[in-house]
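Asks: Fold the following.
(chains A, B and C)
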Amino acid sequence: MRYVDEFRDPALARGLIREIGAIAARMERGRDRPFAIMEVCGGHTHAIFRYGLEDLLPDVIEFVHGPGCPVCVLPMGRVDDCVAIAERPEVIFATFGDAMRVPGSRKSLLAAKADGADVRMVYSPLDALALARRNPDREVVFFGLGFETTMPSTALTVLRAAREGVTNFSVFCNHITIIPTLRALLEKPDLGIDAFIGPGHVSMVIGMAPYRFIAEEFGKPMVVSGFEPIDLLQSLLMVLRQLEEGRAAIENQYARVVPDAGNPQAMGAVDEVYELRPTFEWRGLGSIAQSGVRLREPYAQFDAERRFAVPEVQVADPAACRCGEVLTGQMKPWACPMFGTACTPEAPLGALMVSSEGSCAAYYQYGGMRQPHLEGVA
Amino acid sequence: MNSLFLPPGRVARRALPKSVTLAHGGGGTAMRDLIDEIFVSAFSERPVALEDQARIDLAALAGQGDRLAFTTDGFVVDPLFFPGGDIGKLAVCGTINDLAVGGARPVALSCAAIIEEGLPVETLRAVAQSMAEAALAAGVPIVTGDTKVVARGACDKLFLTTTGVGVVRAGLEIGIGRARPGDVIVVNGQLGDHGAAILNARGDLALEAAIESDCAPLHDIIDALIAAAPGVRSMRDATRGGVAAVLNELAEASGVGVRVRETDTPVRADVQGFCEILGLDPLYLANEGKFVAVVPPEQAESALAALRGHPLGQGATAIGIVTDGRPGRVVMETRFGGERIVDMLVGDQLPRIC
Amino acid sequence: MCLGIPGCIVSIVDADAMLASVDVSGVRRTVDVVCVAEPGRSLDELVGAWVLVHVGFAMSLIDEEEAAATLKVLHEIGEAQSEIEAMRTGSVEPFHPSTTH
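Replies: Sure thing, here's the model as predicted:
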C-alpha cells in the first residue's frame, strides 16, 4: 500500500532506533526518572502496541498514553442517554463499531441490541444518512463521536441532510475537542510529562497553530505524528532532539498529510454546524470547560438531544478507578489496584479498559512485554 | 429424523409454491413434495434410504482405520449467498474439515435444515444444489437429513446443521494438546478471506471488494500433509476467531508457548486493505478453507512441500514455532523485532473507526 | 482516535453530490470529497490523487513531495548511522530483530 508500506519498513527503523538510543544515552546521565512522552492520540497508542515499539526503545524513554480515545472518555451518563434513545421503538440507532461495547451504567449498545433495540453498525455518517433515506418511516439517529478529525464528517452529513430535506435524521452529538483538554492537562501542577507526540489526524483538520501555547506557555515540545511505526519513531527522535537541545517547538513530522493551516473547508463546516458547550464531562478526567460541541440553533432539528427527551443523568465514575492518574501519566495502568482484577476488557470498570485504544485495554490485550504485571494476569 | 430420500420413481406430482410455508413442515404431502423436489432431485445420485436412519457397513469402515470420528456443526451465516460460497457449501465443507483435522477420512454427512416460513423455494433449491455439488466434489455423500419449517421470525431464513462421521487412520494421533517446543506451525495459505468476504457481502459498510470466501473441503490436502509429515501433532481449521484463536487454544492445551512472525503471516492485499480501512486484524478473521498444523521440525520442509503441491495450499507458509516460553502465551514478533501478545478476543472483532 | 487510511481517487461517482470512488488496495468505497475539492475547479482533476480517508470522507490531499522529503530524511538517518557504525567497527552491522524474551 502506497504511503503505508514505506512507513512500515524495518530497514528505516534501524537508523532511527540507533539515533534514539544515542540521544537517550547522552541525556540519561544525571536523570533520576525516565523521559515521559505522551502520545495524545489513541491511534498512536494502538500502533505502539501493535508494532511492539516499546520493546525497541531504551528504558529511559516511557510512553504515557494520553486521553485521545473518544470512546474511552465518553462518560457513562452519555452512554445511558444513547441507550435510552436507541431503545425507542421508532429509532434506528447508527453507530461506529467500537462504540457498541462501551458500558453505560445500565448496559452497552451491544446489550441494548440484544434486548431488541435496532442498533446498526456503520462505517460512515453518510451510511447513517442513507439509512434515513431508505427508512422514511423511522427515525435514524447517528452517534456522533470523536475529536476534530471526525467532527467535520458529522457536520458535513448534517449539511447534506439539510440540503436534501431529510427530516428523519439526527445526530446524538458527543464530539469533543482536544485543545482544552491538553490545556487542562498542562495546568495540572504535578504533571509528569516531558513532551508530546501530537495527533496527526486531528491536526490535518485544525492545523498546527492551535498547539502553539504548549511550547510558548508551557515550554513543552510537541511533534505532530503520522500513525505508521516509522512515523512514530521519527517523531520520537524529533521530540528527543528538542529536549536535548533545550528547545520547545511545535513540529510536524506528518507533513504529507497535515498542512500547517489544516483544512479550511472542514473547519468551515465545523463552524457552521457546531457551537461550543459551556462544559463537557470526560470519563476519568471530569468536566472540562468548552471541550464539547453541540449543534447550533439553525440545525436544531438534526439534534437528537432536542428531538428526543434524554434522561441526562450524570453517573459518577466508579470511585476505585484511577483512570485520571493513568491518563495524566502519574500512574501506570498495571499499578491500578483494579487492573486485571475488577477491571478487564470483558467487564471494564474504567474508561481506559473500554476500547482497544484505551491504554489499559492495550496493556491488557497486547501486553507491554517488559512490564511485570502480566505475570499475574491470564 | 426423516429420511430425505425416496425410492426412485417417486417424484413430486404437484408444483411447489414460490415460498416455503408452515405446511411444508407439517409431515403431510406438502412436506414430502418439498423434500422430493428440493433434496431428492439434488442428491439423487446417492442410494436412497426409506428408513429414519442411514446405515453404514461396519466392516468396510473398519478396514479404513481404528476409530470412528463423529462431529456436528451449525451454520447460520448471513447472507446465505456470498462470493466464494453459500450456506450449503459451507455446511458441507465445515463438517468435512472438522473431521479431517482430526486425521479422519470423512465417510458420510447428515444435514438438518431449519427453514423460516416465507423462504423462497428457489433459494432453498439453490442451497440444496450447492450442497450436493460440494458433497459430490468432495466425495463425501449426504446420506440422511431432516427439514423443519418454523414461523417467520423464529429463525433467520435458513439454518443448517451437518453431522459427519469419518474413520481415523490406525496409529495416527492428532490432538490440540500434543505440540512440543521446537515444532513448526504451518498454515495452508492466506488468512482472513472468509471473514472479510462475509463482512463485505453484508453490505452495511458500503465497501466494494472482490474478496471471495476461501470455503473449501480440506480432507484431500490434509491427506497429502499426513502422507508427507506422518508425525503431524495437531491440526485445527481456523474458523471463528481466526488463526489467533487456534494458536491460543494450542498454546493452552499443549502447555507451551507459541511464537509467530508477523512477516510470515500471509494476507491477500485486498484483505489487508479491507482490514486497514476498518481497523481489523486479519489474524482474528474467520477462514473456511485454512487450517493450522503443527509438525515436528524435521518434517516441516516436507510438510510445506506437500501443502504447496496441492491446489488448496499454494500459499502455505511456516508462520511460527512452538516454544518453551510461558505456557498458554502466544507472542507475535512484529516486523520491527518488537513483540506483542496475541490474545483471545472478548467477543467479535468490531470495526475500529474512531 | 481517528483511523485514517491513504487511498487513491479512481473515479467521480456524482459530481453534484461531491462523491468519488476511492481505492485502498483493491477495496473501493464511495467517499465525500468536499474537504479536498478546490472551489471552482472540476472534480475530475482529483482522479488519480491520493487522499487520507476517514469515516467515508477524504480529509486531506496527500502531498507526494512532502512524503518523499520525509522518506529522504529517514534514509539519510539510516545512512549516517551506517557510516558511524562502519567507522566504529570497520563493518556495517546487519539489523537483527530481537529473538529473545
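
Asks: For chain B, list the residues in contact with chain A, please.
Replies: Contact residues (Cβ under 8 Å from any Cβ of the partner chain) of chain B with chain A: B:204-207, B:269, B:272-273, B:276-279, B:328, B:331-341, B:343, B:346-347, B:350-354. Quick note: C-beta positions are derived from backbone N, CA and C, even for glycine.

Asks: which ones are touching whichever residue of the stretch 151-300 of chain B sits closest to chain A?
Replies: Closest to chain A within the stretch 151-300 of chain B is residue B:205: 4.4 Å, counting by Cβ to the nearest Cβ. Applying Cβ atoms under 8 Å, 6 or more residues apart in numbering or on different chains, we find residue B:205 in contact with A:121-123, A:127, B:199, B:278, B:351.

Asks: Mind checking which of the residues you listed land in strands?
Replies: With DSSP state E as the criterion, strands contain residue A:121 from among those.

Asks: Got phi/psi on the residue of the stretch 151-300 of chain B closest to chain A?
Replies: With angles defined as degrees, to the nearest 10, residue B:205 sits at phi -100, psi 0.

Asks: next one: residue A:282
Replies: Per degrees, to the nearest 10, the backbone of residue A:282 is at phi -110, psi 140.

Asks: right, and it touches residue A:176 too?
Replies: Yes - counting by Cβ atoms under 8 Å, residue A:176 is a contact partner of residue A:282 at 7.3 Å.

Asks: Name the secondary structure element that contains residue A:182.
Replies: Assigned by DSSP states H and E, residue A:182 belongs to helix A:178-186.

Asks: my bad, should have said residue B:266
Replies: Counting by DSSP H and E, residue B:266 is part of no helix or strand.

Asks: State the distance from it to residue B:290.
Replies: Per Cβ to Cβ, to the nearest Å, residue B:266 is found 10 Å from residue B:290.

Asks: Find the residues that touch each one of those two.
Replies: Common neighbours of residue B:266 and residue B:290 (Cβ under 8 Å, 6+ apart) are B:187, B:189-191.

Asks: hmm, back to that, from the contact counts, what lies against the helix holding residue A:182?
Replies: With contacts defined as 3 or more Cβ pairs under 8 Å, 6 or more residues apart in numbering or on different chains; DSSP states H and E, helix A:178-186 has these neighbours: strand A:61-68, helix A:212-216, strand A:286-289.

Asks: Could you list the residues in contact with it?
Replies: Here helix A:178-186 makes contact (Cβ under 8 Å, 6+ apart) with A:40, A:66-68, A:147-148, A:191, A:193, A:196, A:199, A:202, A:206, A:210-211, A:213-214, A:217-218, A:220, A:282, A:285, A:288-291, A:327-328.

Asks: Mind checking if stretch B:339-352 is in reach of chain C?
Replies: Yes - against chain C, stretch B:339-352 shows contacts by Cβ under 8 Å from any Cβ at B:339, B:352.

Asks: Now the terminal residues of that stretch, how far apart.
Replies: Stretch B:339-352 has an end-to-end distance of 22 Å (Cα to Cα, to the nearest Å).

Asks: isn't residue C:78 right up against residue A:14?
Replies: Yes - counting by Cβ under 8 Å, residue C:78 touches residue A:14, with 6.1 Å between them.

Asks: and the lengthiest strand in chain C, anywhere near chain A?
Replies: Longest strand in chain C, counting residues (DSSP E): strand C:5-14. Yes - using Cβ under 8 Å from any Cβ, strand C:5-14 reaches chain A at C:5-6, C:8.
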